[in-house]
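A.B. asks: make a model of this:
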Amino acid sequence: MSNRVCYPMTDVPEHLVGTVTVPEGGLKAGDVVVVNTIDNTIVDNFTQYLATQPTSELLATEALGIVISGGNFEELADGRLPNGQPDYTQYEYLEGRTAPVLFLEPRVIFYLSDDCLEAPATVGDYLYGADGTNTLASGTEIPSGILTVAQVQAKHNFRLGGIFGGEFTTGNVCRVLPYNG
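C.D. replies: The predicted structure is shown next:
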C-alpha cells in the first residue's frame with residue numbers, strides 16, 4: 001500500500017495555495033496538474049480552477065500545481081466517512097470535489113513521499129511533469145520543453161502515526177528551481 005503524502009515544508013504566502021475542481025478519475029496527494037483555467041461552472045467564482053492533466057504543450061508553457069495532503073480526510077473513495085485515524089493509503093479527492101494545490105513557484109520547498117512517484121527518487125534527482133499523467137517523473141537530467149522542475153534536496157522520513165503507530169514513509173525534500181524556459 002502506498003502512503004501518499006505531500007505538503008509545503010516552509011510557510012508559503014497565501015497566494016501560493018489554491019483550489020481546483022477535481023476531474024474525472026479523482027486526484028491524490030502528490031498528483032500534479034496544470035492550473036490555468038477558472039472553473040466557470042461555479043457561480044461568481046474567481047478563485048477555484050479546473051485541474052488539467054499535463055500535456056507536452058502545457059508542460060512547456062504553464063507552471064504546475066501539486067495536490068497537497070489536507071482537507072481530504074473527510075471521505076473515502078467509496079463515499080464513506082473515515083472512522084478513526086488518518087490512513088494515507090486510502091484518501092483521495094473525488095471527482096467534482098475541491099482539492100488544495102500548492103503552486104510550484106521557484107524556491108518553494110515541499111515534501112513528497114516516494115509513494116507519489118513511479119520509482120523512489122534520490123538526492124540530486126530532478127522531478128518534472130510528464131505528458132498524459134498526473135504523476136511526477138524523476139531523472140538525473142532536466143528534459144527540454146519542461147517549464148516547472150524541482151530538485152530533491154534531501155531524503156526525509158514522515159511519521160504516519162494514527163493506525164500506523166510509529167511507522168514512517170520515506171520521501172523527499174524538494175525545491176522548485178527557477179523556471180526552465
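
A.B. asks: which stretches in this protein count as strands?
C.D. replies: 6-8, 17-21, 32-38, 48-52, 64-67, 98-103, 109-113, 126-128, 137-139, 149-159, 168-176 (DSSP state E).

A.B. asks: okay, those strands, which one's buried deepest?
C.D. replies: strand 64-67 (a mean of 28; mean count of other C-beta atoms under 10 Å). Heads up, the C-betas are built off the backbone N, CA and C, glycines and all.

A.B. asks: quick one: strands adjacent to that strand?
C.D. replies: strand 32-38 (antiparallel), strand 98-103 (antiparallel) (DSSP bridges).

A.B. asks: contacts for the first one?
C.D. replies: Going back to what we said before, that points to strand 32-38. Strand 32-38 has contacts (C-beta atoms under 8 Å, 6 or more residues apart in numbering) with 18, 20, 27, 45-46, 48-55, 58-59, 62-67, 101, 103-104, 129, 134-136.

A.B. asks: quick one, that strand and strand 48-52 angle?
C.D. replies: Counting by axes from the mean of the first three to the mean of the last three C-alpha atoms, to 10 degrees, strand 32-38 lies at 130 degrees to strand 48-52.

A.B. asks: report the rounded mean pLDDT for strand 32-38.
C.D. replies: Mean per-residue pLDDT for strand 32-38: 95.

A.B. asks: low-scoring stretches of this protein, by residue?
C.D. replies: The chain contains residues with pLDDT under 70 at 1, 71-77, 79-90, 159-166, 168, 180-181.

A.B. asks: mind running it again at 90?
C.D. replies: Within the chain, the ranges that satisfy pLDDT under 90 run 1-7, 10-11, 69-94, 115-116, 118-119, 156-170, 179-181.

A.B. asks: I'd like the strands paired with strand 64-67 as TSV, with distance to Asn172 appended.
C.D. replies: Below are the strands paired with strand 64-67 laid out as TSV (distance: least, C-beta to C-beta, whole Å):
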stretch	distance to Asn172
strand 32-38	14
strand 98-103	14
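
A.B. asks: give the bridge partners for Thr170, please.
C.D. replies: Note on Thr170: beta-bridge partners Asn157, judged by DSSP bridges.

A.B. asks: is it correct that it is in contact with Pro120?
C.D. replies: Yes: Thr170 is within contact range of Pro120, at 7.1 Å (criterion: C-beta atoms under 8 Å).

A.B. asks: what residues are shared contacts of the two?
C.D. replies: Shared contacts of Thr170 and Pro120, counting by C-beta under 8 Å, 6+ apart, come down to Asp114.

A.B. asks: any idea how far Asp39 is from Glu95?
C.D. replies: According to C-beta to C-beta, to the nearest Å, Glu95 and Asp39 sit 13 Å apart.
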